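A.B. asks: mind looking at a prediction? Sequence and model below.
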Amino acid sequence: MITAQDKILHVASKLGLTSLKDMQASTGAVYDVDTELSGTIFSQAARHANPSATNINENQFEVNEALLIETISFFVYNETAPANVSIENFQQVYGSNAVIMFDLVIGNKRVMKDTPVFGAGSPFAFANAAVTRQPLAPEGEITVVAPRHQIFMEGAGILIPPQVQWYVSYTIYNVVTGAIIAPTDTTVLGCYLFGTRVLLNFNTSI
């Protein structure tokens, strides 16, 4: 079985980054919001000054810094909410028939193409749902299945290597009519990339 660390070290070896094995790896995440309504996330991260919208200054890592993506998560970012930011329910904003179709581009390679992420479950969709029941419903009877604030897919297993730019492009569709659902300037789409991240601190004593 190939571990996350094995995959990172293999790619580093191919890139000639021999010192990566001496770095500390841990769980990490990067996030960004498409505040420009450009249809891409992470590509304009340098424009952001607000940590509620992004935690990166540019969409590439430094030397000996990398991220093995294990989970890709999307969320709706509302800038008009109290305190100027909140995370909204995706289906309440875009409708129960909405689906995100996204591409993940690393360097000049499209490593994921036309990948669907739904806000509520079906056998062929990556999704999560919060299961509840009405107060007067019989014990154990499921009466409401509602999407959570974030929707995600797991098991991506894709490595973003050092010093290579990346971004996510997306379109929101109505799966019934096929129409494109346009985001508004107040409820825009954001994305998290979770996984194993190599940090710029040494694992061995100096």
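C.D. replies: Yep, it's here.
A.B. asks: which residues touch Leu189?
C.D. replies: Residues near Leu189 by Cβ atoms under 8 Å, 6 or more residues apart in numbering: Val33, Asp34, Ile41, Phe74, Phe75, Val76, Tyr77, Ile100, Tyr170, Ile172, Pro183. Just so you know, the C-beta spots here come from the backbone N, C-alpha and C atoms, and that holds for glycine as well.
A.B. asks: sheet partners, orientation included, of the host helix or strand of the fourth one?
C.D. replies: Using DSSP states H and E, Phe74 sits within strand 66-78. Using DSSP bridges, the neighbouring strands of strand 66-78 in the sheet come out as strand 86-88 (antiparallel), strand 151-160 (antiparallel), strand 187-202 (antiparallel).
A.B. asks: in CSV, list the C-alpha atoms belonging to that strand.
C.D. replies: Taking C-alpha atoms only, strand 66-78 is exported to CSV below (Å, rounded to 0.1, in the frame of the first residue of the first chain):
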residue,chain,number,x,y,z
ALA,A,66,3.8,20.4,-0.9
LEU,A,67,0.3,19.2,-0.3
LEU,A,68,-1.2,15.8,-1.0
ILE,A,69,-4.9,16.5,-1.4
GLU,A,70,-7.1,13.9,0.3
THR,A,71,-10.4,15.9,0.5
ILE,A,72,-11.8,18.6,-1.7
SER,A,73,-14.6,20.7,0.0
PHE,A,74,-16.8,23.5,-1.4
PHE,A,75,-18.8,26.0,0.6
VAL,A,76,-20.9,29.1,0.0
TYR,A,77,-19.4,32.3,1.4
ASN,A,78,-21.8,35.1,2.2
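A.B. asks: what comes up buried for it?
C.D. replies: Neighbour counts over strand 66-78 (16 or more other Cβ atoms under 10 Å) mark 66-78 as buried.
A.B. asks: would you turn those into TSV with pLDDT and distance to Asn59?
C.D. replies: Below are these laid out as TSV (pLDDT from 0 to 100; distance: Cβ to Cβ, whole Å):
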residue	pLDDT	distance to Asn59
Ala66	84	14
Leu67	88	11
Leu68	84	17
Ile69	87	13
Glu70	82	19
Thr71	82	18
Ile72	86	15
Ser73	84	17
Phe74	86	17
Phe75	84	18
Val76	84	21
Tyr77	82	17
Asn78	80	23
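A.B. asks: closest to Ala53 among those?
C.D. replies: Taking Cβ to Cβ as the measure, Ala53 lies nearest Tyr77 of the buried residues of strand 66-78, at 7.0 Å.
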